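Trainee: Here's a sequence, model it:
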Amino acid sequence: MDTLQAMRAFVRVIDSGSFTAAAQSLNLSNAQVSRLVSDLETSLRARLLHRTTRRLALTEAGERYLQRCRLILAEVHEAAVEASGAHLTPRGRLRVHSVTSLGTLQLAPLVGRYSERYPEVTLELTLSQRVPDLIEEGHDVVITACRDLPDSELVAQRLAELYNVVCAAPAYLERHGTPQRPEDLQAHRCLRLIDPLFSDRWVFQDGDEELIVRPGDTFQVNVAEAMAHAAESGMGICLLPSFVAARAMSRGGLKRLLPSYQIHQRSIFALYPSRSFLDAKTKTWIEFLKEELPKVAEQDQRILDDPAYWA
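Mentor: Below you'll find the predicted structure:
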C-alpha cells in the first residue's frame, strides 16, 4: 500500500464529501479510492469513517487521524516544493573541501564576494592535505589540483591552471650564490615540500632532456605556505605552487629562480557527485570559481613574469 496516496485519498474524501468526488479529483475510480481507504483502515486496525448510502461521518479515531494526515501531507508538499526549487534558488549550507594552501590563498579571499552575491547560502569551507571521500563525508564540492582528469564517477570541472616555480630568499642567494641552470641546484640546499603528486623529485624538462633534482632532508613540510615562510628565513631553495610563490615574491620574501621553467603543471578541478538536478548553490559556486580563479591566476602570473621579482 502507498501510505501517502491512501492518506491523500482519505483527506480528499472528507474534503469533497464523497468517494465519487474524491475519485474524480484524484483521477482514480471509485473502487480505487474505496480500496485505498479500506487498506488504510486495515493497516491502522481502526475504523476511520462511518459509511451509509447518504452520508459519511468521521469516527473519533478518524478525526484525530485526519488532523495528523493534514500536517504530514503539508510537510511532504513543502519538502517537495523546497527540493524542486533547489536547482533554481541558491540557498542552504554549501559544504566545500579544499587542500589547505589552495583553500587558504585562493578560495578564502573569494568567499566574501560569493556570499554578497548569494546571501542565502551558508558556505562551510574545510581545509586539509588529503582528498576526502566526497559522498562518505558529506561534502557538496571538493576542490583539488592534479595533472589529469580524476578517474572516478564524480563530475569534474576544470577551473584554472597552476604550476610550480623555484624560489629562494635574497639572504640565502647572497650567501650561497644564484643557480643559473637546473643542474646547479645539485650544489644547493633544496627543501622538500611533501606533495602527493611530486613529493620526492623536481623534474625539469628542456626539450627532450629531463633533469631530476631530489630535495634533501634539511627541512620538509606538507603545507606550501609553511614552506614559503621557511624559505624566506634563508633555509634554502624551495619549489612552490605558482599562487604561493607569487604572494611571497610580492612581499619581497623570495626571488624566482630559473624563470624559464614551469614545473609540475596541473589543473584545479571542482569535483561533485552528479550533473542531474544540480543544486543551485553548487552550480553557482562552481560558475563563480570558473569566473574568478582565472582572474586571480592572471594577477599572480604578472608577478611571476616580472623580472623585478627574479634573482
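
Trainee: Quick one: list the elements packing against the helix or strand containing L173.
Mentor: Secondary-structure assignment from DSSP states H and E places L173 in helix 170-176. Of the remaining helices and strands, none touches helix 170-176 by 3 or more C-beta pairs under 8 Å, 6 or more residues apart in numbering; DSSP states H and E. All C-beta spots, glycine's among them, are computed from the backbone N, C-alpha and C.

Trainee: Can you pull out the residues in contact with whichever helix or strand comes after that helix?
Mentor: Once the chain leaves helix 170-176, the next helix or strand it forms, by DSSP H and E, is strand 192-193. Outside strand 192-193, the residues within contact range by C-beta atoms under 8 Å, 6 or more residues apart in numbering are 199-200, 215-217, 219-222, 224, 227, 238-240.

Trainee: quick one: strands adjacent to strand 192-193?
Mentor: strand 220-221 (parallel) (DSSP bridges).

Trainee: got the CA positions of the helix or strand of the chain with the lowest mean pLDDT in PDB?
Mentor: Within the chain, no helix or strand scores below helix 134-137, which has a mean of 78 by mean pLDDT, DSSP states H and E. What follows is helix 134-137 as a C-alpha-only set of coordinates in PDB (Å, rounded to 0.1, in the frame of the first residue of the first chain):
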ATOM      1  CA  LEU A 134      33.000  13.300  -1.100                       C
ATOM      2  CA  ILE A 135      29.900  11.100  -0.700                       C
ATOM      3  CA  GLU A 136      31.000   9.400   2.500                       C
ATOM      4  CA  GLU A 137      32.000  12.600   4.300                       C
END
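
Trainee: what's the helix or strand encompassing V111 packed up against?
Mentor: If you go by DSSP H and E, V111 is part of helix 108-117. Applying 3+ C-beta pairs under 8 Å, 6+ apart, one finds that helix 108-117 contacts strand 121-128, helix 280-304.

Trainee: Out of those, which is closest to A168?
Mentor: A168 sits nearest to helix 280-304 of all the helices and strands packed on helix 108-117, at 14.8 Å, using C-beta to C-beta.

Trainee: burial of L258, as a residue count?
Mentor: Neighbourhood size, L258 [other C-beta atoms under 10 Å]: 21.

Trainee: For L239, see how far away the residue nearest to it when sequence neighbours are not counted is.
Mentor: Nearest residue to L258, sequence neighbours excluded (C-beta to C-beta, 6 or more residues apart in numbering): V166, at 5.1 Å. Distance, V166 to L239, using C-beta to C-beta, to the nearest Å: 6 Å.
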